[in-house]
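*Asks:* A predicted structure for the sequence below; I have some questions about it.
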Amino acid sequence: MIKKTLVAASVVALGAGTLSACGGDGASADDGTITMGFAQVGAESGWRTANSASIQDSAEEAGIDLKFTDAQQKQENQIKAIRSYIQQDVDVISFSPVVETGWDAVLQEAKRAGIPVILTDRAVDTEDESLYVSFLGSDFVAEGEKAGQWLVDNAGDMDVDGDGDINVVELQGTTGAAPAIDRKEGFESVIESDPTISIGASQTGDFTRDGGKQVMEAFLQSEDGIDVVYAHNDDMGLGAIEAIEAAGLVPGEDIKIITIDAVKDGMTALADGKINYIVECNPLLGPQLMDLAQKVIDGEEVPRRVVTEETTFTQEQAAEALPTREY
Ligand code: GZL
Ligand code: ZN
């Protein structure tokens with residue numbers, strides 16, 4: 001049984017990231033193995049697949065007993081999974097919230113059960129800071145800013161149809177998801193510095209390849225003079241490439257493409273010249289998550305926010321990086 005470090009309720013400072021849970025006994029085996037319940041978003045993209053593998057492999061490495069569920073991108077399924085972990089009285093709960101809002105009730109239940117929660121990948125929008133002990137994930141606003149900055153820096157080559165304006169169509173991620181909201185915000189905050197750049201159309205492709213393809217097919221019908229596609233992830237960018245090629249156009253030349261993630265399929269398209277720039281979003285959160293979980297269970301101080309390291313890739317850099325790419 002994990003001995004939860006019990007402290008008098010009055011000194012439990014959940015918000016500061018110091019957590020000494022007081023509540024029921026952990027569901028762990030007698031040998032002190034930590035049990036973690038992880039409620040994953042789904043399997044919607046190459047990024048998610050790499051993220052799940054990192055979490056599962058790292059749990060094994062760390063000797064953490066992992067219970068893992070895939071919510072098929074539905075919030076109600078994630079909430080159900082978290083409730084089941086509370087029922088099983090796991091030692092720690094972690095999840096990537098598919099959307100930012102609607103989590104307070106179930107996180108209150110976890111708090112009442114004395115089970116610490118670690119957020120990974122995406123953030124929740126809550127007033128109650130005590131509902132989770134740490135958030136490990138990328139800075140999505142910065143990712144959008146990097147994408148916008150590359151477009152501004154290369155504006156001279158981006159007005160493909162030569163009409164004097166750079167007309168961008170945007171493939172947004174899942175409506176209400178932190179990466180979709182923040183990547184849009186970051187991108188727009190940078191491109192507003194160049195009055196020739198504007199977003200002519202913007203719609204969600206739900207982070208999937210099929211979603212990106214369908215929305216791009218519609219944009220190719222409804223929008224004239226598309227110069228650039230800004231896709232919130234590689235998978236939607238890859239779907240857009242299919243639509244652009246089906247329309248007899250050359251992706252990366254007739255229409256420039258900027259995406260975010262830098263998963264293998266995206267990097268391959270970048271190296272092949274079908275995508276022009278990718279901002280990396282690192283999915284390999286597993287090792288840091290397991291380290292945070294161990295610290296939380298041991299009652300050690302953990303940072304409230306851990307921002308993942310990540311970079312950007314041009315076509316030349318992708319060709320160099322591909323052979324040794326982990327995901
Ligand atoms: C970002 C992650 C996003 C990826 C998409 O951290 O939440 O969800 O960018 C994935 O590929 O579907
Ligand atoms: Zn133009």
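*Replies:* Received the coordinates, thanks. Ligands and ions are numbered 1, 2, ... in the order given.
*Asks:* Contact residues of this structure facing ligand 2?
*Replies:* Within the chain, the residues that sit near ligand 2 (C-beta under 5 Å from the ion) are D159, D161, D163, D165, D227. Where C-beta positions appear, they are placed from N, C-alpha and C, glycine not excepted.
*Asks:* Let's have those residues in CSV, adding pLDDT and secondary structure.
*Replies:* As requested, those are exported to CSV (pLDDT from 0 to 100; DSSP: H, G, I helix; E, B strand; the rest coil):
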residue, pLDDT, secondary structure
D159, 98, coil
D161, 96, coil
D163, 97, coil
D165, 97, coil
D227, 98, coil
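*Asks:* Of these - the most surrounded one?
*Replies:* The residue in the residues of the chain next to ligand 2 with the most neighbours, by other C-beta atoms under 10 Å, is D227 (24 neighbours).
*Asks:* how near is the residue in the stretch 201-327 of the chain that ligand 2 sits nearest to to D153?
*Replies:* Residue of the stretch 201-327 of the chain nearest ligand 2, by C-beta to the ion: D227 (4.3 Å). The gap separating D227 from D153 is 15 Å, by C-beta to C-beta, to the nearest Å.
*Asks:* and what of I258?
*Replies:* From I258 to D153 the distance is 12 Å (C-beta to C-beta).
*Asks:* Between those two, which is the more surrounded one?
*Replies:* Per other C-beta under 10 Å, whichever of I258 and D153 has more neighbours is I258, with 24 against 12.
*Asks:* so where's the protein uncertain?
*Replies:* Scanning the chain for pLDDT under 70 picks out 1-30.
*Asks:* Next, please give the residue ranges for the strands of it.
*Replies:* Remark: strands assigned in the chain by DSSP state E are 35-40, 65-70, 92-95, 117-120, 134-137, 166-172, 197-204, 228-231, 256-261, 277-280, 305-307, 312-313.
*Asks:* List just the one of those that sits closest to ligand 1.
*Replies:* Closest to ligand 1 of the strands of the chain is strand 256-261 (C-beta to the nearest ligand atom; 4.9 Å).
*Asks:* Name the residues that touch the closest one?
*Replies:* 45-47, 143-144, 147, 150-151, 157-158, 160, 179, 183, 227-237, 240-241, 251, 266, 274-281, 283 (C-beta atoms under 8 Å, 6 or more residues apart in numbering).
*Asks:* quick check: angle from that strand to strand 166-172?
*Replies:* For strand 256-261 against strand 166-172, the angle by axes from the mean of the first three to the mean of the last three C-alpha atoms, to 10 degrees is 30 degrees.
*Asks:* one step back: quick check: the residue of the stretch 201-327 of the chain closest to ligand 2 vs T204, distance?
*Replies:* 21 Å.
*Asks:* For the biggest helix by length in the chain, list every residue counted as buried.
*Replies:* In the chain, taking DSSP state H as the definition, the longest helix is helix 46-62. Applying a neighbour-count criterion of 16 or more other C-beta atoms under 10 Å, one finds G46, W47, R48, A50, N51, S52, S54, I55, S58, A59, A62 buried in helix 46-62.
*Asks:* Kindly report the same for stretch 312-327.
*Replies:* Result for stretch 312-327 [16+ other C-beta under 10 Å]: buried residues T312, F313, Q315, Q317, A318, A319, A321, Y327.
*Asks:* I figured E245 was touching E253, is that so?
*Replies:* No: assessed by C-beta atoms under 8 Å, E245 is found out of contact with E253, at 11.4 Å.
*Asks:* For this protein, which residues are neighbours of ligand 1?
*Replies:* Residues of the chain that fall close to ligand 1, judged by C-beta under 6 Å from any ligand atom: 44-45, 47-48, 121-122, 138, 179, 207, 233, 235, 260-261, 281.
*Asks:* Throw those residues into JSON lines and include distance to T35, thanks.
*Replies:* Formatted as JSON lines, the residues of the chain next to ligand 1 follow (distance: C-beta to C-beta, whole Å):
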{"residue": "E44", "distance to T35": "27"}
{"residue": "S45", "distance to T35": "28"}
{"residue": "W47", "distance to T35": "26"}
{"residue": "R48", "distance to T35": "23"}
{"residue": "D121", "distance to T35": "21"}
{"residue": "R122", "distance to T35": "23"}
{"residue": "S138", "distance to T35": "27"}
{"residue": "P179", "distance to T35": "29"}
{"residue": "F207", "distance to T35": "30"}
{"residue": "N233", "distance to T35": "32"}
{"residue": "D235", "distance to T35": "32"}
{"residue": "I260", "distance to T35": "34"}
{"residue": "D261", "distance to T35": "31"}
{"residue": "C281", "distance to T35": "29"}
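*Asks:* Neighbour-wise, which one of these leads?
*Replies:* N233 (34 neighbours).
*Asks:* any idea how far that residue lies from A262?
*Replies:* Distance from N233 to A262, by C-beta to C-beta: 10 Å.
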